[in-house]
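In: what shape does this take:
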Amino acid sequence: MTTTATTRRLSLKAQTIGAAAAIVSAVVLPQLLHAIGASTGLGSALGEILLPMHFPIILAGLLAGPYAAMTAGVLSPLLSFVLTGMPAPAMLPFMMLELAVYGLCAGLLRTVSLPDTAKVLIVQLCGRIVRAGAILVVFYGFGGSVQPAVILTSIRMGLIGIALQLILIPVILACLRWTDRASS
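Out: Residues are numbered from 1 along each chain as shown. Below is the predicted model:
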């Protein structure tokens with residue numbers, strides 16, 4: 001049985017710590033990027049480009065499992081909204097759903113034998129598809145105010161963040177595995 005940091009069964013305490021770390025990261029990282037954006041004249045564009053809330057939730061799923069990461073995915077945008085007013089109220093439920101799906105899918109793929117890059121790509125696709133579906137249902141089914149064009153715009157704007165996730169998350173996981181093996 002393998003005992004690496006990314007595949008061993010985690011205690012409730014470890015899952016709770018993972019969820020808390022993901023929530024804190026997913027609230028703080030966007031604020032740091034907004035501060036940098038404000039000082040450089042980019043405004044909120046850095047957040048839309050780098051997707052700072054997505055990164056810790058996907059990583060939490062791959063490290064702490066589906067329950068911790070899904071919980072972090074729901075609570076992070078909600079807590080961020082309460083503390084900072086962001087994301088915008090119209091986008092809040094969609095972000096909560098998207099990040100919950102990221103966390104759930106990443107957690108479910110945690111022990112699946114696939115390359116980490118493939119796991120991250122599957123997670124990204126699942127989250128984006130669910131978010132797009134929710135936006136379309138709300139807009140066409142209930143006359144919601146979020147336009148369907150936001151789906152393609154957010155994907156286009158977030159391509160750099162998506163690419164960074166595909167590169168950095170597997171590197172972080174590999175480093176954790178290496179550290180775990182070195183300490184064993």
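
In: for the rest of this, base every contact and every neighbour count on C-alpha atoms.
Out: Fine.

In: run through the residues that contact the residue nearest to Arg110 when sequence neighbours are not counted.
Out: With sequence-adjacent residues excluded and distances taken as CA to CA, 6 or more residues apart in numbering, Arg110 is closest to Leu62, at 4.7 Å. By CA atoms under 8 Å, 6 or more residues apart in numbering, the residues touching Leu62 are 6, 106-107, 109-110.

In: any idea which element Leu62 lies in?
Out: In this assignment (DSSP states H and E), Leu62 forms part of helix 54-64.

In: now that helix: mean pLDDT?
Out: Average pLDDT, helix 54-64: 97.

In: same deal with stretch 37-48?
Out: 87.

In: which residues are contacting that stretch?
Out: Contacts for stretch 37-48 (CA under 8 Å, 6+ apart): 30, 33-34, 154, 157-158.

In: out of those, which are buried?
Out: 30, 33-34, 157-158 (16 or more other CA atoms under 10 Å).

In: can you list those in CSV and add distance to Pro115?
Out: Formatted as CSV, the buried ones among the contacts of stretch 37-48 follow (distance: CA to CA, whole Å):
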residue, distance to Pro115
Pro30, 28
Leu33, 30
His34, 33
Met157, 26
Gly158, 22
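
In: kindly indicate which of these lies nearest Thr179.
Out: Distance to Thr179 across the buried ones among the contacts of stretch 37-48 (CA to CA) is lowest for Pro30, with 28.3 Å.

In: so which strand or helix has the closest one?
Out: Going by DSSP H and E, Pro30 is part of helix 12-40.

In: of the buried ones among the contacts of stretch 37-48, which is the nearest to Phe94?
Out: Gly158 (15.6 Å).

In: so the closest one sits against Leu51, correct?
Out: Yes - between Gly158 and Leu51 a contact is recorded at 6.4 Å, counting by CA atoms under 8 Å.

In: what helices and strands are in contact with the helix or strand containing Ile135?
Out: Assigned by DSSP H and E, Ile135 falls within helix 116-136. Applying 3 or more CA pairs under 8 Å, 6 or more residues apart in numbering; DSSP states H and E, one finds that helix 116-136 makes contact with helix 92-109, helix 159-183.

In: list the buried ones in that helix?
Out: 116-117, 119-124, 126-128, 130-132, 134-136.

In: and stretch 57-69, how far out from the chain's middle?
Out: 9 Å (CA atoms, centre = their mean, to the nearest Å).

In: contacts for stretch 70-80 next, please.
Out: Contact partners of stretch 70-80, identified using CA under 8 Å, 6+ apart, comprise 19-20, 22-24, 26-27, 53, 57, 61, 86-87, 92, 95-104.
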